[in-house]
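Asker: predicted structure and sequence below. I'll ask about it afterward.
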Amino acid sequence: MTKTALITGVAGQDGSYLAELLLPKGYTVDGLVRGSSSYNLGRISHLNHDVHDEDARFFLHHGDVADGSRLITLLSRVAPDEVYNLAATSHISLSFAEPELTGMTSGSSATRLLEAIRMVGLPTRYYQASTSAMFGAAAAPQDETTPLQPVSPYGAAKAYAYWMTRSYREAYGLYAVNGIAFNHESPRRDESFVTRKIAMGAAAIAAGRQDFLYLGNLDAERDWGYAKEYVEGMWAMLQADEPDDFVLATGTPYTVRDFLDFCFSAVGLDWEKHVKFNDRYLRPAEVDALVGDASKAARELAWRAHVTTPDLARLMTEAEVAALAGPV
Ligand code: F7E
């Protein structure tokens with residue numbers, strides 16, 4: 001029997017990779033997209049969603065995770081075997097500017113979905129996109145036992161969603177899990193995150209289209225993996241016998257400065273000649289070091305990140321160089 005998955009945030013980086021993973025496995029994939037007039041469906045436009053096709057298995061639905069009654073209607077209609085809650089306001093800087101909205105989209109969306117699953121009475125398995133941003137000020141390396149110490153509205157909202165997911169698992173016996181993903185990137189990453197910004201900047205400078213790249217704190221340490229591999233971990237969590245929470249990470253920290261070095265080296269440039277500091281990219285509070293220990297996922301799910309941060313930086317920079325060169 002084929003399974004049905006509902007993905008919130010299907011048009012985002014992770015949603016698009018997850019849909020690409022599930023469709024060849026035989027899943028029917030229902031994706032939630034915001035019903036705005038300006039669609040941003042570039043990441044999923046290659047997936048067949050012609051609803052007139054009898055074999056269609058990829059469907060888009062308008063809706064917003066802030067709209068509880070819409071979620072109930074949708075869940076009743078789709079009756080998914082699995083729900084992946086990937087929709088969020090995921091920019092940390094933006095979360096400081098829009099703290100209340102961030103709470104609604106990245107925090108209480110989990111409650112709305114969990115409550116909708118409980119009300120509709122489906123045996124649905126639920127994946128909550130939790131994040132290393134919840135660890136905030138906690139000393140690195142962090143794993144599933146590290147106490148949460150968020151330092152941004154985004155981290156705090158995600159910590160609330162994390163605890164609601166655990167509460168519904170414990171109180172109602174729902175199969176509900178938290179995947180605690182550390183930074184995961186790709187050529188599909190939104191342009192304002194530092195990795196994509198650097199990869200695009202290096203490619204544009206190498207092509208003579210700009211001279212400088214403006215950045216904030218270069219000392220922050222992050223554990224950057226390849227998003228395409230992380231969605232495999234998300235799926236694996238929902239196939240386990242028992243629901244549990246897992247960290248997804250590479251385990252190796254690099255600084256923003258290192259990432260600059262990897263990207264600019266890939267195009268034969270010295271980043272120090274092209275990068276300027278601008279304080280507009282500093283945040284009211286910064287997370288100094290996020291480094292994950294994913295040994296539980298390796299042990300229990302046989303999941304590992306294979307693409308290292310230097311490989312990822314190269315892959316992302318090459319994608320930008322190719323994009324600038326245009327179609328062959
Ligand atoms: O920043 C520094 C910045 O915005 C990384 C999200 O996926 O991962 C992500 O959040 C570091 C920070 O990612 C610029 O201050 C310097 O220290 O790429 P980012 P993030 O804040 O770690 C977590 C795990 C999530 O869950 C989030 O959703 O880079 N940095 N200069 C800069 N960052 C940006 N964006 N732009 C700069 O110009």
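Answerer: Good, I have the coordinates.

Asker: what is the end-to-end distance of stretch 99-112?
Answerer: Start-to-end span of stretch 99-112 (Cα to Cα, to the nearest Å) is 18 Å.

Asker: can you pull the domain assignment for the chain?
Answerer: As given by automatic domain parsing, the domain ranges for the chain are 4-185+225-248, 194-221+253-289+307-325.

Asker: is the ligand contacted by the shortest one?
Answerer: Yes - Domain 194-221+253-289+307-325 comes into contact with the ligand (Cβ under 6 Å from any ligand atom), by way of 194-195, 197, 215-217, 220, 256, 281, 283, 286. To be clear about C-beta, it is placed using only N, CA and C from the backbone, and glycine gets the same treatment.

Asker: so which of the domains of the chain gets nearest Ala297?
Answerer: Evaluated over the domains of the chain, closeness to Ala297 peaks at domain 4-185+225-248, with 4.5 Å, by Cβ to Cβ.

Asker: quick check: mean pLDDT across that closest one?
Answerer: Mean pLDDT, domain 4-185+225-248: 95.

Asker: dump the residue contacts of Ala11.
Answerer: With contact set as Cβ atoms under 8 Å, 6 or more residues apart in numbering, Ala11 has these partners: 31, 33, 39-41, 43-44.

Asker: closest to Lys276 among those?
Answerer: Asn40 (29.7 Å).

Asker: name the SS class of that closest one, please.
Answerer: Look at Asn40: counting by DSSP: H, G, I helix; E, B strand; the rest coil, its state is coil.

Asker: distance of the closest residue to it other than its chain neighbours relative to the ligand?
Answerer: Nearest-residue entry for Asn40: Ala11, 5.9 Å, with adjacent residues in sequence omitted and distances by Cβ to Cβ, 6 or more residues apart in numbering. Distance, Ala11 to the ligand, by Cβ to the nearest ligand atom, to the nearest Å: 16 Å.

Asker: what about Ala11, which helix or strand?
Answerer: Assigned by DSSP states H and E, Ala11 belongs to no helix or strand.

Asker: do Trp163 as well
Answerer: Going by DSSP H and E, Trp163 is in helix 153-172.

Asker: dump the C-alpha coordinates for that helix into CSV.
Answerer: What follows is helix 153-172, C-alpha atoms only, in CSV (Å, rounded to 0.1, in the frame of the first residue of the first chain):
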residue,chain,number,x,y,z
PRO,A,153,12.7,34.6,19.2
TYR,A,154,13.1,31.9,16.6
GLY,A,155,15.0,29.6,19.0
ALA,A,156,12.4,30.2,21.7
ALA,A,157,9.5,29.6,19.3
LYS,A,158,11.1,26.3,18.2
ALA,A,159,11.8,25.3,21.8
TYR,A,160,8.0,25.7,22.5
ALA,A,161,7.2,23.5,19.4
TYR,A,162,9.8,20.9,20.6
TRP,A,163,8.2,20.6,24.0
MET,A,164,4.6,20.5,22.5
THR,A,165,5.7,17.6,20.3
ARG,A,166,7.1,15.7,23.3
SER,A,167,4.0,16.5,25.3
TYR,A,168,1.6,15.1,22.6
ARG,A,169,3.8,12.0,22.4
GLU,A,170,3.7,11.5,26.2
ALA,A,171,0.2,12.6,26.9
TYR,A,172,-1.7,11.1,24.0
